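# Pasted the sequence and its predicted model underneath.
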Amino acid sequence: MRQKLDQEVVDGERARQLLTNSVFKEAWESAENSIISQMAEVKMRDVEMHTKLILALQILNQIRRHIEVVAETGQLAELTLKEPNVFARTFGR
């Protein structure tokens, strides 16, 4: 259990660093804006392209959410390691 929590802390810190990294933020914003601008420009009758762009945006958002979850899990793991009794009382473990 300790080893898993330690790894979650490390992974969480890496995820947090990624989310706060200016190069990552810029790349993310660029990709998101590109998809959105393409959605605005694609012809209405091009249903296939609309679908592909919507999927691209959804995948992009799923990736961000996964990174956020890893960061949050790392924070919880760190708290658990610092205060194991609080976690046990709160969650009955």
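Nice, I can see it.

# Identify the residue nearest I54 in space, chain neighbours excluded?
Spatially, and ignoring its direct neighbours in sequence, I54 is nearest to M39 (7.5 Å; Cβ to Cβ, 6 or more residues apart in numbering). Heads up, the C-betas are built off the backbone N, CA and C, glycines and all.

# ok, now F24?
L18 (5.4 Å).

# for that neighbour, helix, strand, or coil?
helix (DSSP: H, G, I helix; E, B strand; the rest coil).

# so where's this structure shaky on pLDDT?
86-93 (pLDDT under 70).

# As a check, name the ranges of all helices in the protein.
For the chain, the helices defined by DSSP state H occupy 2-20, 22-41, 47-82, 84-91.

# Pull the contacting residues for the residue lying closest to I36 once chain neighbours are set aside.
With sequence-adjacent residues excluded and distances taken as Cβ to Cβ, 6+ apart, I36 is closest to L57, at 7.3 Å. Taking Cβ atoms under 8 Å, 6 or more residues apart in numbering, we find L57 in contact with 32, 35-36, 39.

# how many neighbours does K4 have?
9 (other Cβ atoms under 10 Å).

# hmm, who's touching stretch 30-42?
In contact with stretch 30-42 (Cβ under 8 Å, 6+ apart) are residues 49-50, 53-54, 56-57, 60.

# cutoff 6 Å now
Defining contact as Cβ atoms under 6 Å, 6 or more residues apart in numbering, one finds that stretch 30-42 is touched by 49, 53, 56-57.

# If you count neighbours, what's buried in that stretch?
I35 (16 or more other Cβ atoms under 10 Å).

# what's the spacing between that stretch and its chain's center?
20 Å (Cα atoms, centre = their mean, to the nearest Å).
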